[in-house]
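[1] Next one to model:
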Amino acid sequence: MGHEDVSFGGTKFPTFLFAMCSRRYILVFATLVLILFFAFSDSFQVRSRVIDAATNAAALRPFDNLDLIANGTLGFGAIFAIALPDRHDKIDITSLAAAVTGLQLTWVDGVPGDTMNPKATPPIHFDPDFQDKYGEGMPNDGQVGCWRSHMNIWREMIRTGVESALIIEDDADWDVRIVEQMQQFAVAAKEFLDKEEISPPKNLATANMLDSPYGEDWEILFPGHCGGMVHPDPKLRNIHTLISNDTTMPPTWDMHDLTIWLDREQFLDTPCYTHPGRDAPGRTCDQPRIPSDARIVQLGSPMCTMGYAISLKGARHFLANIGGVSLLDANNPIDQKLMEMCRGEHDHDDSKVRCVSVSPPYIESHRPRGVKSSESDIMKFGSEVREVGISQGLVLSTKINIKNMVAGREPESQYVQDPGSSKWRHKRLDEYTEQ
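    Predicted coordinates for the structure are as follows:
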C-alpha cells in the first residue's frame, strides 16, 4: 500500500488563509494541522513496511503502549496458567520460568476430567451413540478436563471484566527474550489487523480495547502453537506481515509453522528443499521463499493451547459457541474446536473470527529431562527416560536455562554446530553447563 509522505515544510497553503487577521483563526488552523499530522502520519508509515526486528519496537510505535508489554503480563490484563493442583513439579518449573523472565502468573486449577459431573460433561466423552455419530471426540478424561479448564477461565474473564488474557498451560516454555519478542509481535499484529482485507467487523455490543498494544479489535492471538493450517480462504491466505531480521529464530528444521497440510515431515537440508510453512505450494528453486530470519504474522487455525491470548470479546464469543451453552457443541478437544472457529466453521453474519498467529511461535511445549510418562496429563508416553530436556523452536529456552539463570549465569542456546559443519543440532547433555 504505497503512499506519499505527509510533509508540511514545503506545503503552500491557500492565500486566503494568510489574509485572516484574527489570531483565533490562526491558532485553530494550526491546531487542526497538528491533529491531522499525528492522526495520519504514523499509521500511513507503518502500513507500508515490513516490521524489522533489528529496530527497537518502541521506536516503530512510540505511541502504542508498547511499554505495557514489560508490565509483567506482556500487555494483557492477566496471564493465567493452568495446572492440575497435584502437578507440583510443573508448577515449580513454570513459576521459576516466570520469575526469571519478569512475568506474573495467576494460577488456575485444572479440572480432573474424572471428577466432572456427568450431566455437565459433553456427551461425546462417554456416550457411544454420540461417538458413533460424531467420531471419538474427547475419549479420555484429560481431554475433557482440559476443555473445562479453558472454559472456566473464559467464564471468569466475563465475570470480572478482564479485557484480555494470555492463557498458558503448565508445560509452556518461552525464550528468555519474550518481552522483546512480544513487542515485535505487537507492532506486526497491529499493522496486520489494520489491513483493509483483514480488519474484522466492529461489534458495537462489546468494547474495543483502546489501550491494547496488540490492536483495538481482536478476539484471539496465537503467540504459541504447535503448527496447524493456514486460513482456508485463498483471498486471505497470502496476506501477512513479516517480522524480518529476527535474531531469535530457530533453525528451519525445528520450526512450527502453519501449513496447507496438518502432517509434518522431515525435509532435506538443501538450498531448494520445500518447507510447507514457508514456501508456496509447488515452489521451485527460482521462486522466493520466506527468509529463514523472518517470522510471519497471518490468519490461521493453529493446533495446541500451550499459549494463546483471548480478549473479553473473544471469551464471550468462544464460550457461547463451544462452552456449556450446549454441550453438543463440545464434540472435539479444545484445540480442535478453536481450529474450527478460526476456520470459520461457526461463523454467522458478522461474527467472523480473526485468529492471528505468529510462526514460528514464541511459546512452545517443554519436554523436561526425566521420565517421559510425566510429560503430559492427556497423552500417554512410555516409561523411558528423556536424558536431555528440549523445547522445540526456542533458541534460549527459559526452562532449559532455569539453573543457569538462578545461578546468575548467562543463558545458553540449545542448538550447536559441530566443527566444520553448517548444520545445527540439539545439544547433548554433556554440552550444557547444567540442565
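[2] Could you check how far residue 353 is from residue 121?
    26 Å (C-beta to C-beta, to the nearest Å). For every residue, glycine as well, the C-beta is placed using N, CA and C.
[3] With neighbour numbers in mind, choose between those two.
    Remark: of residue 353 and residue 121, residue 353 carries more neighbours, 23 against 20, as counted by other C-beta atoms under 10 Å.
[4] Now do the SS call for the nearest residue in space to that one that is not next to it in sequence.
    Take residue 353 and drop its neighbours on the chain: the residue closest to it by C-beta to C-beta, 6 or more residues apart in numbering is residue 341, 5.1 Å away. Of the three states, residue 341 takes helix according to DSSP: H, G, I helix; E, B strand; the rest coil.
[5] count of neighbours near residue 341?
    Residue 341 has 23 neighbours, counted by other C-beta under 10 Å.
[6] so what pLDDT did it get?
    Residue 341 carries a pLDDT score of 89 in this model.
[7] show me what contacts it?
    If a contact means C-beta atoms under 8 Å, 6 or more residues apart in numbering, then residue 341 has 317-318, 321-322, 353, 355 as its contacts.
[8] separation between it and residue 195?
    From residue 341 across to residue 195, the span is 21 Å (C-beta to C-beta).
[9] List the buried residues of stretch 421-435.
    Judged by neighbour count using 16 or more other C-beta atoms under 10 Å, the buried positions of stretch 421-435 are 424, 427, 432, 435.
[10] cool, stretch 301-313 as well?
    Neighbour-count burial for stretch 301-313 [16+ other C-beta under 10 Å]: 301-313.
[11] And stretch 404-416, by the same measure?
    Those would be 404-405, 411-412, 414-415, for stretch 404-416 by 16+ other C-beta under 10 Å.
[12] still on that earlier bit, quick check on the contacts of residue 341: which are buried?
    When those are checked for burial by 16+ other C-beta under 10 Å, the buried set is 317-318, 321-322, 353, 355.
[13] out of those, which are inside strands?
    residue 355 (DSSP state E).
[14] Tabulate the buried ones among the contacts of residue 341 (CSV), appending distance to residue 79 and pLDDT.
    Shown next, in CSV, are the buried ones among the contacts of residue 341 (distance: C-beta to C-beta, whole Å; pLDDT from 0 to 100):
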residue, distance to residue 79, pLDDT
317, 21, 90
318, 18, 93
321, 24, 91
322, 22, 91
353, 22, 76
355, 19, 88
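[15] Go through the buried ones among the contacts of residue 341 and flag which are in helices.
    317-318, 321-322 (DSSP state H).
[16] so which of these comes closest to residue 364?
    Residue 364 lies nearest to residue 318 out of these, by C-beta to C-beta, at 22.7 Å.
[17] Roughly how far does the closest one sit from residue 340?
    11 Å.
[18] in the stretch 201-350 of the chain, which spans are strands?
    220-222, 228-230, 241-244, 258-259, 295-302, 307-311 (DSSP state E, counting those that start in this stretch).
[19] looking at those, which is closest to residue 147?
    Going by C-beta to C-beta, the one of the strands of the stretch 201-350 of the chain nearest residue 147 is strand 307-311, 14.3 Å.
[20] List the pairing partners of the closest one within its sheet, with orientation.
    strand 164-169 (antiparallel), strand 220-222 (antiparallel) (DSSP bridges).
[21] which regions of the protein sit below the pLDDT cut-off?
    Along the chain, the model assigns pLDDT under 70 to residues 1-49, 54, 56-63, 135-136, 199-210, 259-289, 346-352, 379-382.
[22] tell me the centre residue of it?
    residue 223 (1.6 Å; C-alpha atoms, centre = their mean).
[23] Now do the contacts for it.
    166, 182, 185, 307-309, 358, 361-363.
[24] So it versus residue 245, what's the distance?
    For residue 223, the distance to residue 245 equals 19 Å [C-beta to C-beta].
[25] circling back: top of the contacts of residue 223 by number of neighbours, please.
    The most crowded member of those, judged by other C-beta under 10 Å, is residue 185 (31 neighbours).
[26] Excluding chain neighbours, what is closest to that residue?
    residue 358 (5.4 Å).
[27] and if you look at residue 332?
    The shortest distance from residue 332 to any non-neighbouring residue, by C-beta to C-beta, 6+ apart, is to residue 137 (5.8 Å).
[28] and the one you found, that's in a strand?
    No - per three-state DSSP, residue 137 lies outside any strand segment and is coil.
[29] still on that earlier bit, among the buried residues of stretch 404-416, which one lies nearest to residue 76?
    residue 405 (23.2 Å).
[30] What is the end-to-end distance of stretch 120-132?
    Start and end residues of stretch 120-132 are separated by 20 Å (C-alpha to C-alpha, to the nearest Å).
[31] got a list of contacts for that stretch?
    With C-beta under 8 Å, 6+ apart as the criterion, stretch 120-132 contacts 113, 118, 134, 137-139, 143-144, 147, 324, 327-328, 330-332.
[32] And stretch 81-100, by the same measure?
    If you take C-beta under 8 Å, 6+ apart as the criterion, stretch 81-100 is touched by 79, 103-110, 112, 146, 149-150, 153, 167-174, 176, 366, 368, 374, 377, 398-399, 401-402, 405-406.
[33] Give me the buried entries from these.
    Buried, going by 16+ other C-beta under 10 Å: 79, 103, 105, 108, 110, 112, 146, 149-150, 153, 167-174, 176, 366, 368, 377, 398-399, 401-402, 405, out of those.
[34] and those residues, which of them are in helices?
    146, 149-150, 153, 402, 405.
[35] Could I get the contacting residues of residue 198?
    192, 236, 239, 299, 354.
[36] hmm, try it at 10 Å
    Taking C-beta atoms under 10 Å, 6 or more residues apart in numbering, we find residue 198 in contact with 192, 231, 236, 239-241, 298-299, 354, 356.
[37] Return the closest of the residues you listed with respect to residue 214.
    Nearest member of these to residue 214, counting by C-beta to C-beta, is residue 356, at 8.3 Å.
[38] Neighbours of residue 181, how many?
    Residues lying near residue 181 (other C-beta under 10 Å) number 25.
[39] Please report phi then psi for the nearest residue to it once chain neighbours are set aside.
    What sits nearest to residue 181 in space, not counting adjacent residues and going by C-beta to C-beta, 6+ apart, is residue 362, at 4.9 Å. Backbone torsions of residue 362, given as degrees, to the nearest 10, read phi -90, psi -20.
[40] Surely residue 372 is in contact with residue 383?
    Yes - between residue 372 and residue 383 there is a contact at 7.2 Å, judged by C-beta atoms under 10 Å.
[41] neighbour count winner among these two?
    Taking neighbours as other C-beta under 10 Å, residue 372 and residue 383 compare with residue 372 leading, 15 against 8.
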